[in-house]
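>>> Return atomic coordinates for the entry below.
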Amino acid sequence: MDSPLRLGVIGFGHFAKFSLPHLLAAGDVKLVAVSGQRPQKLPLALSNVAGLNTVNFMGVDQLLESDEVDIVYIATPPSTHYSYTKRALRCHKHVICEKPLSLIAKQARVLEKLARKRNLLLAVNQMQRYNPMVLFLKKLIDSPVLGKFVYGHLENHAGIAGLPPDHWFWNRKKSGGIFLEHGVHFFDLFNFLFGEGQLVNSERIIDSTYERQVRCTTIHNESIVDMYHGFTQKTNQEVQKWNFVWENGYVELSGWIPQRLVLDAQLQPPAAELMKEFLDRSFGDSTYRYNTTIIPNTIGSNSFGQIHLEVEDSREKGELYGWLLTTMFNDQLAWLRDKHHQRALTADDGVKAVEIAEKATKKAIAVKRS
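Modelled structure (predicted):
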């Protein structure tokens, strides 16, 4: 891998303006080219990015064909992801694409195979896998500390203040609908936590001409997971809650990017020691504030003790999101340096998330609300 890696950006809307500085923070990356719908506005939009004097503003074709670009970040509406990503891979560019990889699962698989055939990097920004709270949850699921996992549930009551009626998000031909545009984050996360999932059922509610609410059930290795997304709230009334239940305990996460974790459990001494090890490894630095209340065993050394744990990420949501983007990109860059590196997130993961989202979209029972 050449150092620094030369980055080209296709699409420079609101999210790309947020994400680009965090991608560049990964190190060994240099922004060299940007393509956007309004070229005359790009210099001002990029004014907060270091090294602006080295950036070329160009059309998509010129950027993809340029020998000065090694890797492309695609941050355009979802309906364009397949065509731009395919063209970039055919031009021998590595690709980081915003989610979803495509609106059609078969197309997403075409992209994954093309990248693999050409030994190119392809990854989708499904950065939730890198969240320390998610990794802590993964340790609990994969260990016997809380017994058998029973059930998972996500409720996402999202705000609509930044989504005016003419925004592409509401146009299903451009966004794919809520399951594909937004739900892939969570389908991927549940695949990561529990294993590859299968859709059981799905519903969607159409309010006037817009799809505003969706719900589905998936099964992952005999574990049932329910998921609801509703774009109905004023921004300051947003709420997202995740609930996970085991035989011997219960975890609740808060935030669509989880920033708070509450655990209540009954643990025998060996499990309690393992839990302490998980906590120290996951939240041992000053970024996290956590309190633990333990009610000791009162009957004997083999009886259950109760534990109540609260963990809070001290960072603002935007800061945490930015850190996750940087962490995700560093993981992908590590693979470019060493192809034996095992990435936490691969193109195949992006494909599998689209596969479930597409099924949920196609099979959803639609209810129209006047």
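>>> is it true that residue 306 touches residue 265?
Yes - here residue 306 reaches residue 265: they are 7.4 Å apart, a contact under C-beta atoms under 8 Å. C-beta: built from backbone N, CA, C; applies to glycine.
>>> List the contacts of the residue nearest to residue 103 when sequence neighbours are not counted.
Ranked by C-beta to C-beta, 6 or more residues apart in numbering and with sequence neighbours excluded, the top spatial neighbour of residue 103 is residue 176, at 4.2 Å. Contacts for residue 176 (C-beta atoms under 8 Å, 6 or more residues apart in numbering) come out as 78-79, 100, 103, 357, 361.
>>> from these, which ones fall inside helices?
Using DSSP state H, the subset of these located in helices is 357, 361.
>>> what residue ranges in this protein score low on pLDDT?
For the chain, the stretches with pLDDT under 70 are 1-2, 38-54, 235, 294-304, 370.
>>> centroid residue for it?
residue 126 (2.9 Å; C-alpha atoms, centre = their mean).
>>> got the contact list for that residue?
Taking C-beta under 8 Å, 6+ apart, one finds 99, 184-185, 188-189, 345, 349-350, 353 in contact with residue 126.
>>> Can you spell out which helices and strands pack onto the helix or strand that residue 114 is a member of?
Element membership for residue 114, per DSSP states H and E: helix 105-117. Packing contacts for helix 105-117, counted by 3 or more C-beta pairs under 8 Å, 6 or more residues apart in numbering; DSSP states H and E, involve helix 81-90, strand 122-124, helix 347-363.
>>> From residue 185, how far off is the residue nearest to the centre of the chain?
Distance of residue 126 to residue 185, computed by C-beta to C-beta, to the nearest Å: 6 Å.
>>> so what's in contact with the two at the same time?
Counting by C-beta under 8 Å, 6+ apart, the residues touching both residue 126 and residue 185 are 99, 353.
>>> Domain map for the protein?
5-125, 129-319 (automatic domain parsing).
>>> most tightly surrounded among the ones you listed?
domain 5-125 (a mean of 19; mean count of other C-beta atoms under 10 Å).
>>> What is the distance between it and the centre of its chain?
Distance, stretch centre to chain centre, for domain 5-125: 18 Å (C-alpha atoms, centre = their mean, to the nearest Å).
>>> in the sheet, who's paired with the closest residue to residue 256 other than its chain neighbours?
Nearest residue to residue 256 in three dimensions, chain neighbours excluded: residue 240, at 4.3 Å (C-beta to C-beta, 6+ apart). Assessed by DSSP bridges, residue 240 has beta-bridge partners residue 156.
>>> give the contact list for residue 240.
Residues near residue 240 by C-beta under 8 Å, 6+ apart: 154-158, 254-256.
>>> Please apply the same query to residue 200.
For residue 200, the contact set (C-beta under 8 Å, 6+ apart) comprises 216-219, 224.
>>> any idea where the helices of this structure begin and end?
14-24, 42-45, 60-65, 81-90, 105-117, 132-142, 172-175, 178, 184-194, 269-283, 317-337, 347-363.
>>> Serialize those helices to CSV and add fields for distance to residue 245.
Shown next, in CSV, are those (distance: least, C-beta to C-beta, whole Å):
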stretch, distance to residue 245
helix 14-24, 34
helix 42-45, 46
helix 60-65, 47
helix 81-90, 35
helix 105-117, 30
helix 132-142, 11
helix 172-175, 32
helix 178, 25
helix 184-194, 13
helix 269-283, 16
helix 317-337, 25
helix 347-363, 22
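>>> between those, which gets nearest to residue 310?
Among the helices of the chain, the nearest to residue 310 by C-beta to C-beta is helix 269-283 (10.9 Å).
>>> Would you mind getting the angle between the closest one and helix 132-142?
Per axes from the mean of the first three to the mean of the last three C-alpha atoms, to 10 degrees, the angle that helix 269-283 makes with helix 132-142 is 150 degrees.
>>> Point out the other elements, helices or strands, that helix 269-283 touches.
Partner elements for helix 269-283 (3+ C-beta pairs under 8 Å, 6+ apart): helix 132-142, strand 288-295, strand 305-313.
>>> Ok, which of the ones you listed comes nearest residue 211?
Comparing those against residue 211 with C-beta to C-beta, the closest turns out to be helix 132-142 (27.2 Å).
>>> and the closest one with strand 288-295, angle?
Interaxial angle of helix 132-142 relative to strand 288-295 (the same axes, to 10 degrees): 40 degrees.
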